[in-house]
Structure formats: C-alpha cells, structure tokens
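Peer 1: predicted model and sequence follow; I will ask about them next.
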Amino acid sequence: MKEARKDLLLPTLSEVWGYSDLRTGQREAIEAWAGGQEVVALLPTGGGKSMCYQLPALVERSLGRGTTLVISPLIALMQDQVDSLMGRGVMAAALNSHLSRYEQEEVEAALEAELLDVLLVSPERAAKSQFRELIRGCEIALIAVDEAHCVSSWGHDFRPEYMRLDELREVVDAPMMALTATATPRVVSEIISGLALKNCEVIRGDFARPNLRFSVSLESGKDARLEAIVALLEDKGMRGNTGDGKAIIYCASRKKVETIAAELRSANFRVGFYHGGRSQEDRQKAQGAFEAGRTRVLVATNAFGMGIDYPDVRVIVHAQAPGSLEAYYQEAGRASRDGEPGYCLLFYSAGDMVLQRRLVRDAKDRNRSNEALAGMEAYAMSTRCRQELLCLHFAPDADVTACGVCDLCTDGDAVAAGLEEKRAAKLASIESLADFELDIIVSAVGNLRKPVGKASLARALRGSKAKALRKYGLQNLPEHGALKTRSELSIISAIDGLLRDRRLAPKGQKYPTVWLPNKPVRATGPKAKGARSRSTTRKTRPRSSNLHRALELYRNRTAKKLRWKPYMVVHNKVITQLDAKRPHSIEQLYEIDGLGPAKVEQFGYELLDIVRRYDQ
Ligand code: ADP
Ligand code: ZN
C-alpha cells in the first residue's frame with residue numbers, strides 16, 4: 001500500500017497538473033502521509049498547500065479508495081477550488097450554507113454513491129451531527145484540515161468549530177492532515193492536541209520569499225508615516241489610474257483605516273477601504289473594485305486577508321505594527337505571489353505596541369500576547385537580515401542565508417544608526433528623579449489600598465484621570481499628580497530603582513505590582529467597607545496642594561539626612577507661605593517670614609527648584 005502510493009505520486013502529479021515535481025514542504029508532507037503518518041504541514045502562503053491533499057486524494061482514488069474530505073473556512077473560495085479541480089477532470093463538490101437545499105441533496109447523493117474524489121466542507125457543517133451521520137458508512141480516505149491555525153483560541157482567526165473536528169474520527173477511520181501558513185511551535189502543539197493527531201509528523205516548508213524586500217521604519221509620527229507611505233506608493237507607480245500593481249495598507253484600527261484612506265484619496269490615489277465595521281455589501285464592493293483594478297490602493301484592517309490571492313499586489317505597508325510576527329508575515333506575504341519584486345514596509349514604534357496591548361482584552365491571553373509583541377519588537381529592532389529572521393521564526397532549524405535585498409542587507413549601517421539614535425533618545429528621555437521625588441513615590445505606595453502595577457502608579461503620579469486608574473482608587477491618592485513634570489518612563493525607571501534598593505517590594509506573579517516591604521496586604525472583600533470609609537475621610541479632608549506635599553517631603557527627607565528635627569529645616573508656616581507666594585527668585589525667598597539668610601543659603605536653590613516644578 002505504502003509503496004503503491006509512493007509510486008503513483010509523480011505520475012499523477014504530471015498527468016493531472018502537468019507539474020514535474022513537488023515543492024519543498026509539499027514533498028515531505030505528502031511522503032509522510034504516504035508512509036501512514038498524520039501530518040501538520042506549515043507552508044508559506046502561495047507555497048501550494050492545496051496540493052498536499054489534492055494529490056493524495058487522487059492517488060487514493062486510483063487505488064480504489066474513498067473520498068478526501070477538506071475542511072476549509074473560506075466558503076467564498078470553495079467554488080473556485082471546485083471549478084479548478086473539475087477543470088482538471090477531478091470530481092469535486094462543496095457543502096456549505098451557500099447551497100440551496102436541492103444542490104445539497106445532489107452533493108450528498110454523489111458522496112453516498114462514491115462518485116466524489118474531493119468534498120470541501122465548511123467547519124460549521126463539519127461540526128454538525130447531521131454531517132457525521134451523513135459520512136458514517138461512507139468511505140473517507142483522508143481528512144484535510146485547511147487553515148488549521150483556526151483551532152488555536154489565540155489570534156483573530158479562531159473558529160470554535162475547529163475544536164470539534166476530532167469528533168469526525170468517531171464515525172470514519174481516516175488519517176488527518178492539517179495545513180496552515182502560520183504557526184509557532186505553540187500553535188503547532190495546539191493543532192496537534194485540538195485535532196487529536198496521532199503519530200504525527202510536523203513539516204515546515206521554505207518560508208523564504210526572495211522576491212520580497214522587507215524593510216522597517218521606526219518613525220512614530222503620523223504625518224511622517226503618511227509622507228513615507230505616499231512616497232513609496234509614488235515610487236512604485238501606484239498613482240496612475242491605470243498600470244500594473246496594487247498596494248495594501250494595513251492599519252490596526254477601523255478609524256485609522258478611514259483616516260489614512262481619506263488622506264491618500266486627497267493625495268490623488270485611487271483608494272478603497274475595508275474593515276469589519278462596514279456592511280457586507282460595502283466590503284464586497286471595496287474588494288471587487290480592488291480586484292478589478294478600479295482602485296489600486298486598499299486600506300484595510302486584518303479583516304481583509306485570509307484566502308486572498310491577487311498575484312499583482314506589489315506593495316504591502318503596515319501603517320501600524322501588528323500584534324505578532326505571525327500576523328505580520330501572513331499579511332506581508334500577500335505581496336507579489338507571482339514571484340515579481342514586491343515591497344513590504346513595516347512602521348514600528350512603542351506606541352503601536354501599546355495599542356496592540358490594548359486590543360488584547362482577555363486577561364488569559366495577555367501573557368502570550370506579550371510574547372508575540374516581543375517577537376514583533378525583535379524583528380523591528382533587528383540588525384540581522386529580515387528575511388533570515390522571519391525564516392528562523394517559523395522554521396528554527398532552517399538553513400538560512402542573507403537575502404541581499406532587505407533594508408538591513410542593503411543599508412545596514414543606516415538602519416543601525418537609526419536604531420542607535422532611537423535608543424539614545426529613549427535613554428535621554430529618562431531623567432533621574434530627585435531624592436524628595438523618590439520619597440513621593442514611596443509615600444504614594446504607602447497610601448495604596450492594594451498593590452498596583454508600575455505603569456498605573458506612574459500614571460497616577462503624573463495626574464492621569466484615566467478610567468482604568470479609578471478602578472484602583474488611584475485618583476484619590478494624596479500624591480495624585482505630584483510628579484506631573486516627570487515623564488512616565490522616568491517615573492517607572494525610578495520605581496525600578498526603588499525596587500532594586502528594596503525601598504519598594506515586588507508583589508504578584510502574573511502582573512508584577514509594587515508594595516511596601518514588610519507591609520501586609522490587607523484582604524479586600526467583605527472587609528472592604530473599612531477601606532471605603534477611609535477613602536471618604538480622605539476626600540473630606542482639605543487636600544493640600546502638590547507643592548505643599550512636595551515641600552513637606554523635601555523637609556522630612558533633609559531632616560533625616562542631617563539628623564535634625566523637621567521644623568529645624570523649615571517651619572510649617574514657611575511651607576504654607578512658600579505654597580501661597582510661590583517665589584521664583586532668591587530675593588523673593590527673603591520675603592518669607594521665618595526663612596533667614598542662613599536657611600536661604602543652605603536650602604534656597606533646592607526650594608526654588610521644587611517651587612518651579614510644582615507651581616502649576
Ligand atoms: P497556498 O494554498 O499554499 O496559498 P496554493 O495551493 O493556492 O497555495 O498554490 C499556489 C500556486 O502554486 C497554485 O497556482 C498552484 O497550482 C501552484 N503549485 C502548487 N504546487 C505546485 C508544484 N508542485 N509545482 C508547480 N506549481 C505548483
Ligand atoms: Zn536581507
């Protein structure tokens with residue numbers, strides 16, 4: 001049996017398709033199947049995934065065996081595949097919700113009469129018990145699961161019906177083959193367990209796309225990004241009404257899609273836009289116009305994509321970085337499927353990652369998402385050939401060579417200089433905080449009701465009124481807004497310093513939070529009443545100004561350092577006057593009662609500095 005299968009492979013390939021050989025990845029996948037194993041085949045988009053099950057389907061038929069079932073979520077493309085197979089003399093049919101009752105019955109009858117070589121089924125249909133009853137007793141040679149990454153609950157392609165496909169095994173005894181263009185080792189293991197694959201061989205195809213020029217821009221400003229997009233589109237001849245080639249601009253949000261589309265339209269490009277918020281009809285129109293070349297640029301969210309195959313997309317821009325390298329490669333990989341030169345430009349900034357993080361709502365997905373974002377960052381900040389990095393990401397054991405066309409291969413020095421500049425700018429934007437400001441942080445943590453994350457604390461200290469902070473009661477913190485003049489990064493880096501010095505203690509495993517060392521965390525829940533009343537008394541107490549608190553902290557800190565009593569540094573009434581008069585010069589300091597020349601000389605400049613910072 002195994003030998004018979006292997007002997008039939010190449011003759012069938014050349015007879016039905018006219019191809020002389022299998023491609024890398026296809027060969028390994030089909031040989032594993034022929035040898036009796038179940039298979040997960042990871043082949044890049046355009047790598048010829050459908051051949052992996054179409055050829056086995058025909059070989060099995062020649063050997064007198066049954067129909068190959070293909071589960072595919074792309075109903076819109078099923079008919080194309082059926083037509084193309086029928087055109088080669090292969091008996092193929094599809095079952096999905098688009099068929100009339102009569103058409104369905106016809107397909108079911110053909111299946112029962114064992115006329116079909118290939119039957120394409122939507123996952124919704126395949127998961128139904130009626131479908132299991134239909135195929136019970138039919139001879140099924142192979143079950144191919146296309147777009148198998150849909151079994152993973154992570155990512156925007158998740159289809160719950162995929163989790164039920166293993167139930168097909170209860171009614172038929174056929175091996176499974178899973179196919180996808182995108183899979184990290186983790187998704188692969190989810191595919192294997194979700195489909196209950198046995199004796200399984202994982203095949204990775206060749207992910208290199210030597211005709212694509214990958215490049216990254218670390219530009220974060222939206223005007224500068226737009227300018228660069230316009231220049232690229234212009235350079236690749238996308239302006240004209242006619243001409244070859246198309247471009248897709250991917251954005252992370254629907255709103256961004258619409259603004260960029262409008263801006264490109266006013267820059268005289270023929271532009272359409274596509275996102276999940278538009279009606280089915282509008283989306284079809286936008287896709288149709290793009291397909292026909294009436295619009296040459298399509299601005300879209302990731303709703304536009306799976307199963308899309310236009311050979312002449314020459315430019316793919318990510319105007320905002322996506323949430324994972326898998327998503328990026330799948331989307332960018334839609335460029336130049338015909339092997340002609342194509343251009344893939346990714347814009348990346350920390351802000352894009354913040355946006356992506358916000359898009360992850362489900363707490364349980366956050367860890368994986370952070371990992372995915374780290375992969376994205378590593379790609380953007382790489383100094384190694386982009387193509388090499390992508391290939392290694394998908395096939396860690398791959399033999400890679402530098403592509404010679406990406407921005408790093410052609411212009412590595414400039415890219416490295418740009419990276420260096422970014423790093424320096426980031427470091428420069430982190431100021432170190434004064435001692436009294438560190439005290440403010442510690443005192444704020446002392447006033448917390450429960451541990452909070454560094455970023456939330458930093459935002460509260462900067463005076464943020466964001467809703468998310470309200471949840472923790474952070475806007476009622478006496479120190480709220482006390483470090484207004486400092487950047488969030490500076491405060492976070494100061495918190496890190498305090499953690500290192502053990503003036504603060506880390507708490508929590510999954511979401512690292514900060515707390516005072518040795519202070520017990522009070523249980524919330526029924527006892528929270530007490531906490532609530534505490535916060536109301538805090539509200540009714542007259543709140544002193546930020547400046548007042550900063551001066552107090554400075555005084556206490558200085559007193560400690562000098563081993564003085566706090567009033568020996570400055571009196572309360574001096575602080576009150578400083579707060580009221582807000583002096584800006586040494587002369588003005590002399591007008592404060594109780595602050596003689598000796599004190600002015602000793603503390604004057606520091607006091608002025610604090611006033612300057614908090615006088616707002
Ligand atoms: P995918 O589903 O992986 O995106 P397809 O199955 O649509 O890719 O195949 C992409 C193209 O490659 C198709 O035009 C197909 O006919 C062609 N192709 C597939 N296998 C071979 C092969 N062994 N030799 C030559 N062309 C092939
Ligand atoms: Zn390269």
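Peer 2: On my side now, so go ahead. Numbers count the residues shown, from 1 in each chain. Ligands and ions are numbered 1, 2, ... in the order given.

Peer 1: number of nearby residues for the residue of the stretch 401-550 of the chain found nearest ligand 1?
Peer 2: Closest residue of the stretch 401-550 of the chain to ligand 1, CB to the nearest ligand atom: residue 403 (20.7 Å). (Each C-beta comes from the backbone N, C-alpha and C, glycine too.) Look at residue 403: counted by other CB atoms under 10 Å, it has 22 neighbours.

Peer 1: measure the residue nearest to it when sequence neighbours are not counted to residue 115 for me?
Peer 2: Spatial nearest neighbour of residue 403, chain neighbours left out: residue 387 (3.7 Å); criterion: CB to CB, 6 or more residues apart in numbering. Distance of residue 387 to residue 115, given as CB to CB, to the nearest Å: 46 Å.

Peer 1: who has more neighbours out of the two?
Peer 2: Set residue 387 next to residue 115 and count neighbours by other CB under 10 Å: residue 387 wins out with 24 against 12.

Peer 1: give me the beta-bridge partners of residue 93?
Peer 2: Note on residue 93: beta-bridge partners residue 119, judged by DSSP bridges.

Peer 1: give me the pLDDT value at it.
Peer 2: With respect to pLDDT, residue 93 has a value of 96.

Peer 1: what about it, neighbour count?
Peer 2: 24.

Peer 1: give me the distance between it and ligand 1.
Peer 2: 19 Å (CB to the nearest ligand atom, to the nearest Å).

Peer 1: just list the residues touching the closest residue to ligand 2 within the stretch 1-150 of the chain, thanks.
Peer 2: Going by CB to the ion, ligand 2 is nearest to residue 44 of the stretch 1-150 of the chain, at 16.4 Å. Neighbouring residues of residue 44 by CB atoms under 8 Å, 6 or more residues apart in numbering: 181, 205, 206, 207, 209, 329, 333, 394.

Peer 1: could you pull up phi and psi at the residue nearest to residue 308 when sequence neighbours are not counted?
Peer 2: The shortest distance from residue 308 to any non-neighbouring residue, by CB to CB, 6+ apart, is to residue 334 (6.2 Å). Main-chain torsions, residue 334, degrees, to the nearest 10: phi -80, psi 0.

Peer 1: could you double-check that residue 334 sits in contact with residue 246?
Peer 2: No - counting by CB atoms under 8 Å, residue 334 stays clear of residue 246, with 10.0 Å between them.

Peer 1: now residue 513, nearest residue through space, not along the chain?
Peer 2: Residue 513 sits nearest to residue 451 (CB to CB, 6+ apart), 3.6 Å away.

Peer 1: how many neighbouring residues does that neighbour have?
Peer 2: Count around residue 451 with other CB under 10 Å applied: 21.

Peer 1: same question for the one 3 residues further on.
Peer 2: Residues contacting residue 454 under the criterion other CB under 10 Å number 21.

Peer 1: now the strands for the stretch 151-300 of the chain?
Peer 2: 176-180, 200-204, 212-217, 246-250, 271-274, 297-300 (DSSP state E, counting those that start in this stretch).

Peer 1: so can I have TSV of these showing mean neighbour count, mean pLDDT and distance to residue 30?
Peer 2: Output for the strands of the stretch 151-300 of the chain, formatted as TSV (neighbours: other CB atoms under 10 Å; pLDDT from 0 to 100; distance: least, CB to CB, whole Å):
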stretch	mean neighbour count	mean pLDDT	distance to residue 30
strand 176-180	28	96	9
strand 200-204	20	94	9
strand 212-217	22	96	26
strand 246-250	25	97	32
strand 271-274	24	97	35
strand 297-300	26	97	34
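
Peer 1: quick one: closest of these to ligand 2.
Peer 2: strand 212-217 (7.1 Å).

Peer 1: which residue is nearest the middle of this structure?
Peer 2: residue 323 (1.0 Å; CA atoms, centre = their mean).

Peer 1: roughly how far apart are that residue and ligand 1?
Peer 2: As judged by CB to the nearest ligand atom, residue 323 and ligand 1 stand 22 Å apart.

Peer 1: what does the protein put close to ligand 1?
Peer 2: 19, 22, 23, 26, 43, 45, 46, 47, 48, 49, 50, 51 (CB under 6 Å from any ligand atom).

Peer 1: 5 Å instead?
Peer 2: By CB under 5 Å from any ligand atom, the residues of the chain that approach ligand 1 are 19, 22, 23, 45, 46, 47, 48, 49, 50, 51.
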